[in-house]
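Q: Have a look; sequence and predicted model below, questions after that.
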Amino acid sequence: MSDHPMRRAVLETSDVTKKYRLEDVEVNALRGVSVRIREGEMVSIMGPSGSGKSTLMHIVGLLDRPTTGEVVLEREDVSRLSPNALAELRNRHIGFVFQAFNLLPRTSALANVELPLIYGGAGGAERTRRAREALERVGLGDRLGHFSSQLSGGQQQRVAIARALVNDPSIVLADEPTGNLDSRSGVEIMATLQELHKQGITVILVTHDDRIARHAERIIHVLDGRVKADVQVTKRVCAEDELAQAADVDAGE
Amino acid sequence: MNFGESFRIALRALSANKTRSLLTMLGVIIGVAAVILLVGIGTGVQDEVTGSLEGLGSNLLFVIPGQYNMGMDSGGPPSRYFTLDDVDTLQRRVENAAAVVPVMQASATIKAGNRSMRVVVAAATEQGAEVFSNEVAGGRHYRKGEVQAASRVVGLGYTVAQELFPNQDPVGQQVTINGQRFSVIGYYASLGGGMAGDRDVQVYMPVTTAQKLFGMTDLSMIVVKAADPDEIDVVRREIKRALLPTFGDEFTVFSQEQTLGILADLLGMLTYMLAGIAGISLMVGGIGIMNIMLVSVSERTREIGIRKAVGARTYDILSQFVIEAVALSVLGGVLGIAVGWGGATLIGRLTPVPTNVTPWAVAMSFFFAFGVGVFFGVYPAWKASQLDPIEALRYE
């Protein structure tokens, strides 16, 4: 359980604050957050609703800019960039996995995964090849032409993961990825994310669920807009083991 | 993202909502079809009128009372009309004239047995055939003696002869015009359909007879035929000099070309007006596009959020929705051109109304439809492009 001191930081926030107005009430969503995400890490950001966890995720995911403080992605200060510049950085560096899957309706799995490549400028044959590879990587090589409505929740979330991976991002940002899934599918998705992490991909999990959070190596606890604790996970949950146990229980019955 | 991608995304979005897309396009289809059809009719009529007037020959000058200003408002009726005395003056004073023909036109009711119809009486002298350029199909034209004697003889236009004397020779028959009995001495060949069809419901008689019939001496105009077409400007000057002492500048001399020009201008103006009215319906179609694009943007807020999250820039979203609107309007435009063209062709074939769809009208309506798509598509697309990705992703 080392701090991986040799690994470089992929993303770092220093003293980030975020204020916004909500119907004339000023909300201090973040009150000075400094976190460092290193290359190849699997980190959970955890906190109850209203803790500022979502706001932090938006800033880490470059969907939003901090009111004050700095965000450095791959050694570049991105805290003051324009929305269009942020869009280009998201395209290259961030892969999103959402609770609600957020696939395009009436669109094939392949076309959904191709989406980031379209905006990245990859053309025709190469785009299709990379999208197919990403879908094969999450075990959906035989579902390329299926529409989201023809896929189970777990499969839809896999398509979303493939979409997140397809541009070789610096960070895969998963926001409550199991929130809309039954427990079995949830465990499978966590196994997929852990497998990707094993392959060297940086994964950030955002969740309010302690058990999901403990699939990561490290948990950043957020409360009232501040980092309350930043701890290494001592008893890490291994999704593969859970699947094996479940299989044993099924076999024992 | 390149244009081809945007175009494919737009087409996919439109085909996902086929009924809605088609109904939205209908506004543009109707607008463009109306423009093509109405301009086609306007152009066709203009061509026909110009063509039929060109048959009159280029050595005629038309002298009408009052001041006319090239088809513009004449400023009320003329204060004084021409009479046969003025014709005499012109015959004496205009040396280069081959003929000076008084023309009187008025409407009347003609009866034969139990059949009757409204006609235009076109009265002149025995040289009238030069002015009306009509061709005798049976019988004869009235003669000089009949003009001098104000005989009650009449020549029937083609339609009049057909209506009053179906399947029989009108020559030698008796008709009643405004209650007075006339002998039919001839009838004329058809002057063609379309606008010129009006001239087939004319009847022709000596100007002296018409003066008695209508109880007035005023002439509609005097037509002067130049002996030599090259001398037409000399003749014009002679006419002006001859009439100046009695009329001052209260008369106007038109040449054939000027008449054509005025008519062409008038019909052109009419065509533009029709195009303008049809253009308004195209604008309404554009508002329909804007409306449906606004609905589409709000329905697809989440899609916009997803696209932005994975890297779509403002420009990408903007162009996607503008292209969608333009695809709607251009597709509607192409269908509208097809419908309008087909309609114009049918009208040309099945009715006497002439039509002519010019490439110019087709190109104009195509680009206008394109412009409508851009104009009415930009605002919804701009709204879409300005959405905040976080808000958009949260949208239910």
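A: That came in fine, so what should we check first? All values derive from a computational prediction rather than experimental measurement. Numbers count the residues shown, from 1 in each chain, chains lettered A, B, ... in the order given.

Q: How about the contacts made by the residue in chain B that chain A sits nearest to?
A: Chain B approaches chain A most closely through residue B:311 (2.5 Å), counting by C-beta to the nearest C-beta. Using the backbone N, CA and C atoms, a C-beta is placed for each residue, glycine as well. Residues near residue B:311 by C-beta atoms under 8 Å, 6 or more residues apart in numbering or on different chains: A:87, A:88, A:90, A:91, A:92, A:116, A:119, A:120, A:167.

Q: Give me the three-state assignment for it.
A: coil (DSSP: H, G, I helix; E, B strand; the rest coil).

Q: show me where the chain has strands.
A: No chain was given, so I picked chain A. For chain A, the strands defined by DSSP state E cover A:9-22, A:25-38, A:42-46, A:68-73, A:76-77, A:94-97, A:171-175, A:202-207, A:218-223, A:226-232.

Q: My question was about chain B, not that one.
A: Using DSSP E, strands in chain B cover B:60-65, B:97-112, B:115-124, B:136-139, B:153-156, B:174-177, B:180-188, B:202-206, B:221-226, B:251-255.

Q: List the buried residues for the fourth one?
A: What it means is strand B:136-139. Buried residues in strand B:136-139, defined by neighbour count with 16 or more other C-beta atoms under 10 Å in any protein chain shown: B:138, B:139.

Q: surely residue A:88 meets residue B:312?
A: No - at 9.9 Å, residue A:88 does not count as touching residue B:312 under the criterion of C-beta atoms under 8 Å.

Q: Sketch out the helices for the stretch 1-150 of chain B, chain order is fine.
A: B:3-16, B:18-54, B:84-93, B:128-132, B:144-149 (DSSP state H, counting those that start in this stretch).

Q: Contact partners for residue A:41?
A: The contact partners of residue A:41, by C-beta under 8 Å, 6+ apart, come to A:4, A:7, A:10, A:202, A:203, A:217, A:218.

Q: Make a ChimeraX selection of the buried ones in these.
A: Those of the contacts of residue A:41 that count as buried under 16+ other C-beta under 10 Å are selected in ChimeraX with:
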select /A:10,202,203,217,218
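
Q: Once you drop chain neighbours, what's closest to the closest residue to chain B within chain A?
A: Per C-beta to the nearest C-beta, residue A:91 is where chain A lies closest to chain B, at 2.5 Å. When the adjacent residues along the chain are set aside, residue A:91 lies closest to residue B:311, with 2.5 Å between them (C-beta to C-beta, 6 or more residues apart in numbering or on different chains).

Q: Return the residues in contact with residue B:343.
A: Contacts of residue B:343 (C-beta under 8 Å, 6+ apart): B:33, B:36, B:37.

Q: right, I mislabeled it, should have said residue A:213
A: A:44, A:46, A:205, A:207, A:219, A:233.

Q: Show me the helices in the stretch 51-200 of chain A, by range?
A: Using DSSP H, counting those that start in this stretch, the helices of the stretch 51-200 of chain A run over residues A:53-60, A:83-93, A:109-120, A:124-137, A:153-165, A:183-198.

Q: In JSON lines: the ones you listed, plus mean neighbour count and mean pLDDT.
A: Formatted as JSON lines, those follow (neighbours: other C-beta atoms under 10 Å in any protein chain shown; pLDDT from 0 to 100):
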{"stretch": "helix A:53-60", "mean neighbour count": "24", "mean pLDDT": "93"}
{"stretch": "helix A:83-93", "mean neighbour count": "19", "mean pLDDT": "95"}
{"stretch": "helix A:109-120", "mean neighbour count": "24", "mean pLDDT": "93"}
{"stretch": "helix A:124-137", "mean neighbour count": "17", "mean pLDDT": "92"}
{"stretch": "helix A:153-165", "mean neighbour count": "25", "mean pLDDT": "95"}
{"stretch": "helix A:183-198", "mean neighbour count": "19", "mean pLDDT": "93"}
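
Q: which one of these lies closest to residue A:228?
A: Residue A:228 lies closest to helix A:53-60 among those, at 11.1 Å (C-beta to C-beta).

Q: what about chain B, any weak spots by pLDDT?
A: Across chain B, the ranges flagged by pLDDT under 70 are B:1-2, B:52-58, B:68-77, B:192-198.

Q: near chain A, which residues of it show up?
A: B:1, B:5, B:12, B:16, B:302-303, B:305-316, B:389-390, B:393 (C-beta under 8 Å from any C-beta of the partner chain).

Q: got a list of contacts for stretch B:347-361?
A: B:35-37, B:39-41, B:43-45, B:47-48, B:193-194, B:197, B:275, B:340-341, B:344-345.

Q: from these, which would you call buried?
A: B:35-37, B:39-41, B:43-45, B:47-48, B:194, B:197, B:275, B:340-341, B:344.
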